[in-house]
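> Sequence unavailable; structure follows:
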RNA sequence: GGCCUGUUCGUCUAACGGUUAGGACGUAAGAUUCUCAUUCUUGAAAUAGGAGUUCGAUUCUCCUACGGGCUACCA
């Protein structure tokens, strides 16, 4: 087998879409699995859609995800340049070669004429008008500077077959194909053309891309054949959907890698989750490091149907990653979220408690808001079926708790817990009930970083007693 | 409209002619527990519909329905 070379070829149009990230991931995994190279190529041929700094976003994302490329604009390589706008002359030379051997031709048609070609079903198919121009007509037009494009000359009969490693063999009638534009009037190549030329020159062995390109693949093959080049292996990937009808899109504001980072998801968890969307390892393993993914990856496991992105499952996976983090790492990651907490509390304790109860780091503010703001919580929180707790039980037992804790000398977790346990025994209130009541009374929150005694330690004795009295007064 | 492509629990998916159709998330019930967290146990939950091929179809073929993609001087 020849060397495996895959490439990730994004357009620098903004943030990194999660679907693109998966495409990059699969290409990376496949290359590394086969000791090959993973190449980054920037496809900036659409000068109108360029976005400042977008290339840096691509570098940063790849780096955060751990998908290091062996060749690319920033790291160089033997097949550069790796930015398409710097390869303009190359494409034009190859387009001329195609014109010379009859597989492409100059087209001088104006927009108006093109639009007159629209048929009654609303479709447009170029009629090869300029293919029939005489040699003189062409050189006249070129000499007088008439704007032109270069079009692919596809056969009008026969059929083209291509093979995809995911979707299998696909046959398309050539008469269904269009004479696509190869070189635009601004001199830049179209995506379709630049791709073929670059994938060949960069010796890409396997082309990983979204399945939206399935329909244009016959045109690609015709191009490869016109050049006499070897056709790469195609690996078309199903889409990632937001729901049954919509692709996960930038418009929804949450389809970018960065958006998920901001929501408190770990890069490794995102990557792990996304790897499993549209691919399965043929066993029941759900959690993979990048290296494990490399070892397990196999094109056979790629599915044909599109997959709906489920953030709930991502949260679960992310929580698994959080639990496995070293304590210090979690603490460091959580620190920024403590900024907004005004009351001084033991942050190390907070981190220790939080780590097992948070599924995304960004959950922290909601879970800790009671530290600063507490008054006016819902009294209904006292009513809890499982804990057999109610406002009524709170009313009777809280005075006992206040009296006991007010006189407690040692303010630490064990002391508080023992004290509360005793109260529960002496007053025939279930421990679970009592702890529930106390926790609600001092936090006013359904979900807290820890249990009653832990929360009491966190906010301190004075505040605990103060809050217990406040709660009792409200009942 | 034409062409391409897809369809297994709510979701991600396994089973590449023979299984009580498996796993995971979520969900329900229960146990443990200093929270509804964690952990553990158990349960409910799917082959889009119809023809065929076959001793036997989730699996192969065809039709229908319903998705998605393409049909640009965007990628």
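Cool, the structure landed. Fair warning: this is a prediction, and the values are worked out from it, not measured in the lab.

> Can you give me the neighbour number for the residue nearest to residue A:421 when sequence neighbours are not counted?
Closest residue to residue A:421 apart from its sequence neighbours, by Cβ to Cβ, 6 or more residues apart in numbering: residue A:431 at 6.2 Å. Bear in mind the C-beta positions are built from the backbone N, C-alpha and C, glycine included. Residues within reach of residue A:431, counting by other Cβ atoms under 10 Å, total 15.

> now residue A:379
For residue A:379, using other Cβ under 10 Å, the count is 14.

> And the residue nearest to residue A:421, how close does it get to residue A:418?
Going from residue A:431 to residue A:418 by Cβ to Cβ, to the nearest Å gives 11 Å.

> Report whether the helix or strand encompassing residue A:171 contacts RNA strand B.
Following DSSP states H and E, one finds residue A:171 within strand A:168-173. Yes. Applying Cβ under 7 Å from any atom of the strand, one finds strand A:168-173 touching RNA strand B at A:168, A:170-173.

> Greatest separation within these: which pair is it?
Taking Cβ to Cβ, the two most distant members of the residues of strand A:168-173 next to RNA strand B are A:168 and A:173; they sit 17.7 Å apart.

> who's more crowded, the two?
For residue A:168 versus residue A:173, neighbours defined as other Cβ under 10 Å are more numerous around residue A:173 (12 against 8).

> OK, contacts around the residue lying closest to that one once chain neighbours are set aside?
Sequence neighbours aside, residue A:159 is the residue nearest to residue A:173 in space, at 5.1 Å (criterion: Cβ to Cβ, 6+ apart). Contacts for residue A:159 (Cβ atoms under 8 Å, 6 or more residues apart in numbering) come out as A:171-174.

> Is there proximity between the helix or strand bottoming out on mean pLDDT in chain A and RNA strand B?
Of all helical and strand segments in chain A, the minimum by mean pLDDT, DSSP states H and E falls on helix A:111-116, at a mean of 83. Yes. Where contact is defined by Cβ under 7 Å from any atom of the strand, part of helix A:111-116 touches RNA strand B, namely A:111, A:114.

> List the contacts of that helix.
By Cβ under 8 Å, 6+ apart, the list of residues contacting helix A:111-116 from outside reads A:124, A:126, A:129.

> Stretch A:212-224 now?
A:98, A:103, A:152, A:154-155, A:160, A:162, A:164, A:167, A:170, A:172, A:174, A:177-178, A:180, A:192-193, A:195-196, A:200, A:230-231, A:234, A:236, A:239.

> Tell me how far the residue nearest to residue A:173 lies from residue A:372.
From residue A:159 to residue A:372 the distance is 70 Å (Cβ to Cβ).

> same question, residue A:91
Distance, residue A:91 to residue A:372, using Cβ to Cβ: 60 Å.

> Compare neighbour counts for these two and give me the winner.
A direct count of neighbours by other Cβ under 10 Å for residue A:91 and residue A:372 places residue A:91 higher, at 23 against 11.

> isn't that one right up against residue A:194?
Yes. Look at residue A:91 against residue A:194 with Cβ atoms under 8 Å: they come within range, at 5.9 Å.

> sorry, back to before: other SSEs contacting the strand holding residue A:171?
strand A:159-164, helix A:217-227 (3 or more Cβ pairs under 8 Å, 6 or more residues apart in numbering; DSSP states H and E).
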